[in-house]
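> can't give you the sequence, but here's the structure:
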């Protein structure tokens, strides 16, 4: 791969740069704040695919008119325990965040609630929303469908997207955060293998004719495999249905993916533990559970980590040492900033 | 493996035999009906691990006093959208079925609801509950945790159970039914390999010291791997927390597994599609989606099946041709029937 130039940038500096860029592109302050917060959090947690690089997609989408920078979020349907909103073609992040706040509010009142958003662009990392729920003392579950690029052997078409699922659970310390795409591996890993000139392991990908391949080039023209084979495919189909057919949004195969990545729909549920148990008792019991799991007998050097713990370690490191950005991504950001007359270091 | 003797039995005959046996063991009529219905449905759908063979576990459990044949199900906590019940050490199936009915009723009123059951023995196939929700026009999601026997390399202990997840979605025809354990493969597949004297594929199992193995004997003394590696482990941990810590039931590692298999807890959610969309419109759009997925270009002989479709095909075949039971399982059933003075063919 050769050496790659990397820019190290501090959290606040990156957040304020992104905020100013989105603001400069006509995104209202409150939305610009949420978008930059979500993107920077993804970078801090080491989920770089959902950080600044996705921000560049939004910037392009606004510039070419595909994304509405200043959407009027509309409530389509609402009950005491549910809400369906229309994102007015806005960046998905502030739309999904607004939905999350409404779902949290309802779950605090009645104990459980479910919300959905459609007509929105990419929502970024699902972790953002379920972490918010968890910090409010609720269990949050979020789903979204994505452009179809997962398939199984023998099928000469993608079937579903990597359709992620995220679950956040409050604990005494950092929330448990599971945020997983339903492909065996992320697309990015195949791109990396191509750059390095390496083959990819069997089982990761298929050619566009639905044949297994270890060639990253064929894989990039073809499809990813679902995690765990037919189990992952089944789950990805169910997520597709819940985030599209159920809420009248585009299913994976109907998402064009033109311009910036886009999402069909977004579904969010929040559950209040007090429906079942005293809150403090729940948190105490969960601490004991986590400690028990983490102290199971194991080989030296092996750890059992809770979902979200590896990302939290990266977060702590990057908060302290700064966020590494690919030089190419950094240059694009600087270019946009310059166009808008925004100063950056 | 050699030839195996198989008894073919018709649906009604098997159902009535099981009903009479459970009734003979002191299980109330209504419970005995639900238990035999669930077990026979599992056999009909080809999920033999959750059929009569599990029924034998219940029979033994009642005989040795571990299972309460005639439990008084108690509502511990209830709101408009939630319910927590105590199963009084009964067979899990009628307890979970009662919970399902209550959850369905609440979701029909308010649109979404969540219920949980603890202090119960095995609930059988989760498909049973989410299919019931789907037949009532609701989306059903069920979770349960099971005795710990899933681990990852380097850990010298099981961590979590195969902790299954099931989702049922109503359609114009048969519901979509995803019902999956979170291990790479079922325990039964390793037992089968041992019987056949074959090695198991890499990645299925670990020795009791947490080392990868292809020897079915070592695997049976060791652990299963989670489906999709760390993704499946993360999901299994979350399912464990939701079906134990959240509702004050035993977590996977606290389930002794003495006698009949047992469950820690059971969690069920139902969602009414009308919260988001006109019901008929939803069903129409879902039909179009299913047809679209099933007509994607593919190799001759390849089909894309919806979750639950393979099991439904087996169901249709077995309804017509009868249910094949291992001779050993059949003999055990006949023995119990004879002890109770019940006639069987």
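Yes, it's here. Not measured: the values here are computed from a predicted model.
> mind listing what the closest residue to residue A:19 other than its chain neighbours touches?
Counting by C-beta to C-beta, 6 or more residues apart in numbering or on different chains, residue A:36 is the residue found nearest to residue A:19 once chain neighbours are left out, at 4.5 Å. (Glycine included, C-beta is placed from N, CA and C.) Residues in contact with residue A:36 (C-beta atoms under 8 Å, 6 or more residues apart in numbering or on different chains) are A:14-16, A:18-19, A:22, A:55.
> ok, now with 10 Å
With contacts defined as C-beta atoms under 10 Å, 6 or more residues apart in numbering or on different chains, residue A:36 is in contact with A:14-23, A:27, A:52, A:55, A:93.
> quick one: which of the residues you listed is nearest chain B?
The nearest member of those to chain B, counting by C-beta to the nearest C-beta, is residue A:93 at 21.4 Å.
> Could you count how many residues lie near that closest one?
27 (other C-beta atoms under 10 Å in any protein chain shown).
> how about it, phi and psi?
For residue A:93, the backbone dihedrals (degrees, to the nearest 10) come out as phi -60, psi -50.
> Contacts only, for it.
A:31, A:34-39, A:50, A:54-55, A:58, A:120-125, A:128-129.
> Residue A:191 too?
A:49, A:216, A:219-220.
> any idea which of these has the most stuff around it?
Counting by other C-beta under 10 Å, top hit in the contacts of residue A:191: residue A:219 with 27 neighbours.
> Please tell me how far that one sits from chain B.
Residue A:219 is 18 Å from chain B, where distance means C-beta to the nearest C-beta, to the nearest Å.
> count of neighbours near the residue nearest to residue A:175 when sequence neighbours are not counted?
Excluding the flanking residues, the one nearest residue A:175 by C-beta to C-beta, 6+ apart is residue A:134, at 3.4 Å. Using other C-beta under 10 Å, the number of residues around residue A:134 comes to 23.
> With residue A:292 instead?
Neighbours of residue A:292 (other C-beta under 10 Å): 12.
> next one: residue A:12
Residue A:12: 9 neighbours (other C-beta under 10 Å).
> doesn't residue A:44 make contact with it?
No: using C-beta atoms under 10 Å, residue A:12 is not in contact with residue A:44, being 11.4 Å away.
> Contact partners for residue A:91?
A:22, A:27, A:31-32, A:34-35, A:38, A:54-55, A:57-59, A:61-62, A:67-69, A:71, A:120-124, A:260.
> And residue A:45, by the same measure?
Applying C-beta under 10 Å, 6+ apart, the residues near residue A:45 are A:51, A:125, A:127-128, A:131, A:177, A:179, A:308, A:310-315, A:318.
> top of the residues you listed by neighbour count?
residue A:127 leads those on contacts (other C-beta under 10 Å) with 29 neighbours.
> distance of that residue from residue A:232?
19 Å (C-beta to C-beta, to the nearest Å).
> SS state for residue A:106?
Classification of residue A:106 using DSSP: H, G, I helix; E, B strand; the rest coil returns helix.
> quick one: it and chain B, what's the gap?
Taking C-beta to the nearest C-beta, one finds residue A:106 at 10 Å from chain B.
> how near is that residue to residue A:269?
Applying C-beta to C-beta to residue A:106 and residue A:269 gives a distance of 10 Å.
> Could you do residue A:299 as well?
Taken as C-beta to C-beta, the span from residue A:299 to residue A:269 is 38 Å.
> Same drill for these two, tell me which one is more crowded.
residue A:269 (26 against 12).
> If that one is in a bridge, with which residues?
Using DSSP bridges, the bridge partners assigned to residue A:269 are residue A:114, residue A:141.
> That one against residue A:113, yeah?
Yes: using C-beta under 10 Å, residue A:269 is in contact with residue A:113, at 7.0 Å.
> Now list whatever residues contact both of the two.
A:82, A:103, A:107, A:138, B:112.
> and the nearest residue to the first one once chain neighbours are set aside, what does it touch?
It stands for residue A:82. Nearest residue to residue A:82, sequence neighbours excluded (C-beta to C-beta, 6+ apart): residue B:275, at 4.2 Å. For residue B:275, the contacting residues are A:77-79, A:81-84, A:114-116, A:246-247, B:107, B:110-112, by C-beta under 10 Å, 6+ apart.
> Could you check how many residues crowd around the residue of the stretch 1-150 of chain A found nearest chain B?
Closest to chain B within the stretch 1-150 of chain A is residue A:82: 4.2 Å, counting by C-beta to the nearest C-beta. Close neighbours of residue A:82, defined as other C-beta under 10 Å, add up to 24.
> From residue A:39, how far off is it?
29 Å.
> same deal with residue A:293?
Distance from residue A:293 to residue A:39, by C-beta to C-beta: 32 Å.
> for the stretch 201-345 of chain A, what spans make up the strands?
Applying DSSP state E, counting those that start in this stretch to the stretch 201-345 of chain A gives strands spanning A:205-206, A:212-213, A:223-224, A:263-271, A:323-326.
> picking up where we left off before, settle it for me: which of residue A:293 and residue A:39 has more neighbours?
Between residue A:293 and residue A:39, counted using other C-beta under 10 Å, the more crowded position is residue A:39 (26 against 21).
> got a list of what residue A:318 touches?
A:8-11, A:40, A:43-46, A:324.
> can I assume residue A:59 is in contact with residue A:25?
Yes: Residue A:59 lies in contact with residue A:25 (C-beta under 10 Å); the separation is 6.6 Å.
> got any residues that touch both of the two?
Joint contacts of residue A:59 and residue A:25 (C-beta under 10 Å, 6+ apart) are A:67, A:69, A:336, A:339-340.
> quick one: low-confidence parts of the stretch 101-250 of chain A?
Of all residues in the stretch 101-250 of chain A, none has pLDDT under 70.
> residues in contact with the most centrally placed residue in chain A?
Closest to where the C-alpha atoms of chain A average out (C-alpha atoms, centre = their mean) is residue A:125, at 1.9 Å. Taking C-beta under 10 Å, 6+ apart, we find residue A:125 in contact with A:38-39, A:41-43, A:45, A:47, A:49-51, A:54, A:93, A:131, A:142, A:164, A:166, A:177, A:179, A:311.
> so residue A:48 sits right up against residue A:56, yeah?
No: applying C-beta under 10 Å, one finds residue A:48 not in contact with residue A:56, separated by 12.0 Å.
> what is in contact with those two at once?
Counting by C-beta under 10 Å, 6+ apart, the residues touching both residue A:48 and residue A:56 are residue A:329.
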